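Asker: Okay, predicted coordinates and the sequence, questions at the end:
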Amino acid sequence: MHTRTLALVGATGGAGTTRTAVELAALGARDGRDVAVVDAAFTTQGLSEYVSGRIGTDLTTLVTDETDASLSAAAYPIALGDGGAGGAGDDGDAPNRSGRADLIPSRAPFERVARAKTAEAARKLERRIDEAASAYDAVVVDAAPVGSNEAVAAVTTTDRTAAVFPATTHGRDALQRLRGRVADVGAGLDRSIAVARGADGGSDAEREDESESDADVLLPSTDPAVASAPTAATGSGSYARSVAAAFEDAFDATVGVEFEEPGFVDRLRS
């Protein structure tokens, strides 16, 4: 695996970036890797919703008040058994795993979030991402659309940047705007992941673009509820297979998970 750190940047709000980051980590752990998801979306703090139990130390603390603390102080494991945090996977049995998936969330009051969004804190975030890269086989950084110090730190520090966007006309337009924003800070979009909407995810005009998305990988629609994640920890349906394809594409990796349809991951990318 040549790429170790990946910034996932949402082209729009609600694109499915955080869920995709969690699923990539779960798939990597299923394949025997140690994977971390670092929450660089300080405003929305969506990654914290995937943590079971109380969050004590969080990432914003590590870049403000406790800069000497180890990254592990803010690492919380994803529940991977029986389909993850909320139940069974989509028709698969739990595989044998030797890897782990940790979440490094942001969960902070406004005052600390404001301090974590400064340029000085962004430099400390860069060092935290490098620290994660030395402790894990793969690191996924969950970032908001590039318009904040922490998002800029994410796309300029990681080995590769991938956009996550809805597989709709609106999503494709947002993807093009995001390319410009990323270029403005001296980085580039290396990959793109389109997320299909469910039956209630948009108008017919929006959904008609799903089959012709300008994406390296298209993730089919899945139950968006936090409690249903991570599907990729145990599932063998089309969503889990697509997440495997996205992991391979993003990290230049070969996934050894055996699905019910041999060769399907390769066909997804053809």
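Answerer: Looks like it arrived, so ask away. Residues are numbered from 1 along each chain as shown.
Asker: so after the one helix or strand in the chain whose mean pLDDT sits lowest, what's the next helix or strand?
Answerer: Least confident element among the helices and strands of the chain, by mean pLDDT, DSSP states H and E: helix 204-207 (a mean of 44). Downstream of helix 204-207, the next assigned helix or strand under DSSP states H and E is strand 217-219.
Asker: what pairs with that following strand, and is each one parallel or antiparallel?
Answerer: Sheet partners assigned to strand 217-219 using DSSP bridges are listed as strand 191-195 (parallel).
Asker: Now Ala75: closest residue in space, sequence neighbours ignored.
Answerer: In space, and not counting its chain neighbours, Ala75 is closest to Asp102: 4.2 Å by CB to CB, 6 or more residues apart in numbering. For every residue, glycine as well, the C-beta is placed using N, CA and C.
Asker: For that neighbour, give its distance to Thr161.
Answerer: 21 Å (CB to CB, to the nearest Å).
Asker: Now Ser106: closest residue in space that isn't a chain neighbour?
Answerer: Ranked by CB to CB, 6+ apart and with sequence neighbours excluded, the top spatial neighbour of Ser106 is Asp39, at 4.4 Å.
Asker: Give the full set of residues in contact with that neighbour.
Answerer: Shown in contact with Asp39 (CB atoms under 8 Å, 6 or more residues apart in numbering): Thr18, Gln45, Gly46, Leu47, Ser48, Leu59, Leu103, Ile104, Pro105, Ser106, Asp142.
Asker: circling back to that earlier point, just after the strand or helix carrying the residue nearest to Ala75, pick out the following helix or strand.
Answerer: Assessed by DSSP H and E, Asp102 sits inside strand 100-104. Using DSSP H and E, the helix or strand that follows strand 100-104 in sequence is helix 110-116.
Asker: could I get that following helix in CSV with only the CA atoms?
Answerer: Listed next in CSV are the C-alpha coordinates belonging to helix 110-116 (Å, rounded to 0.1, in the frame of the first residue of the first chain):
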residue,chain,number,x,y,z
PHE,A,110,-17.9,26.6,20.7
GLU,A,111,-15.1,28.3,22.6
ARG,A,112,-12.7,25.4,22.1
VAL,A,113,-13.8,24.9,18.5
ALA,A,114,-13.0,28.5,17.8
ARG,A,115,-9.5,28.1,19.1
ALA,A,116,-9.1,24.8,17.2
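Asker: Residue ranges in the stretch 151-270 of the chain under the pLDDT threshold?
Answerer: Applying pLDDT under 70 to the stretch 151-270 of the chain picks out residues 199-213, 261-270.
Asker: Which parts of it are helices?
Answerer: Applying DSSP state H, counting those that start in this stretch to the stretch 151-270 of the chain gives helices spanning 169-184, 204-207, 238-251, 264-268.
Asker: Output the ones you listed as a markdown table; include the columns distance to His2.
Answerer: As requested, the helices of the stretch 151-270 of the chain are exported to a markdown table (distance: least, CB to CB, whole Å):
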| stretch | distance to His2 |
| --- | --- |
| helix 169-184 | 21 |
| helix 204-207 | 35 |
| helix 238-251 | 8 |
| helix 264-268 | 18 |
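Asker: Those helices: which one's closest to Asn149?
Answerer: helix 169-184 (13.7 Å; CB to CB).
Asker: hmm, back to that, quick one: which of Asp102 and Thr161 has more around it?
Answerer: The residue with more neighbours, out of Asp102 and Thr161, is Thr161; 26 against 23, by other CB atoms under 10 Å.
Asker: what pairs with that one across the strands?
Answerer: Under the criterion DSSP bridges, Thr161 forms beta bridges with Ala7.
Asker: was I right about it contacting Thr5?
Answerer: No. Thr161 lies out of contact with Thr5 (CB atoms under 8 Å); the separation is 9.8 Å.
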